[in-house]
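>>> below is the structure, and that's it, no one-letter string:
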């Protein structure tokens, strides 16, 4: 996608967005760009969402986010992780508990201690009413800055 890949130097060198590289470094992975307009290079990433939607969400009700998380954890432990995977032919939870080689190194690495500092910078124009629109919400701006562009920083908590 264009927000992740800025361009190509040659056929083997991809120029990635700096924020994507910072995120990848924080979580310890390397991004891999797919060939444009080549669906077969994208892998199977959307099918699990359909499985969760059809097998977990349908015919369920949730009181709040906490209730959803409790029900989802139970479903993962009792149904999803215990099933025989259609592609690998193995029990799903086996992939998470498997170890590599003789050093008993887990396949999955632990997450970093702190969250990634994801700050998105957006340019917005202040309206004549003295407000700026960010994420569907209006925010008031101090006097003297009307009708000019401003940079808004958005993180996981909001602007």
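Sure thing, it's come through. Model, not experiment: these values are computed from the prediction. Numbers count the residues shown, from 1 in each chain.
>>> all contacts plus neighbour counts: C-alpha atoms, from now on.
OK.
>>> the residue at minimal distance from the centre of the chain sits in which helix or strand?
Closest residue to the average C-alpha location of the chain: residue 23 at 10.3 Å, with Cα atoms, centre = their mean. Using DSSP states H and E, residue 23 sits in helix 18-27.
>>> buried stuff in stretch 130-139?
By neighbour count on 16 or more other Cα atoms under 10 Å, the buried set for stretch 130-139 is 130, 131, 132, 134.
>>> what's the closest of the residues you listed to residue 118?
The nearest member of these to residue 118, counting by Cα to Cα, is residue 134 at 16.1 Å.
>>> show me the beta-bridge partners of that closest one.
Taking DSSP bridges as the rule, residue 134 bridges to residue 137.
>>> contacts for the helix holding residue 23?
Outside of helix 18-27, the residues within contact range by Cα atoms under 8 Å, 6 or more residues apart in numbering are 4, 30, 31, 111, 112, 116.
>>> what's the closest of those residues to residue 59?
Taking Cα to Cα as the measure, residue 59 lies nearest residue 111 of these, at 32.8 Å.
>>> find the nearest non-adjacent residue to the closest one, please.
Leaving aside its sequence neighbours, residue 111 sits nearest to residue 27 (Cα to Cα, 6 or more residues apart in numbering; 6.8 Å).
>>> burial count for that neighbour?
Neighbour count for residue 27, taken as other Cα atoms under 10 Å: 15.
>>> measure it to residue 86 for me?
Here residue 27 is placed at a distance of 28 Å from residue 86 (Cα to Cα, to the nearest Å).
>>> buried residues, stretch 7-23. List them.
Those would be 16, 20, 21, 23, for stretch 7-23 by 16+ other Cα under 10 Å.
>>> isn't there a helix covering residue 121?
No: counting by DSSP: H, G, I helix; E, B strand; the rest coil, residue 121 is not found in a helix; it is strand.
>>> which ones are touching it?
Contacts of residue 121 (Cα under 8 Å, 6+ apart): 151, 152, 153, 154.
>>> residue 82 is in contact with residue 90, correct?
No: look at residue 90 against residue 82 with Cα atoms under 8 Å: they stay out of range, at 9.5 Å.
>>> give me the next element, helix or strand, following the longest helix anywhere in the chain.
The residue-count maximum for a helix in the chain (DSSP state H) belongs to helix 65-78. Past helix 65-78, further along toward the C-terminus, the next helix or strand under DSSP H and E is helix 92-97.
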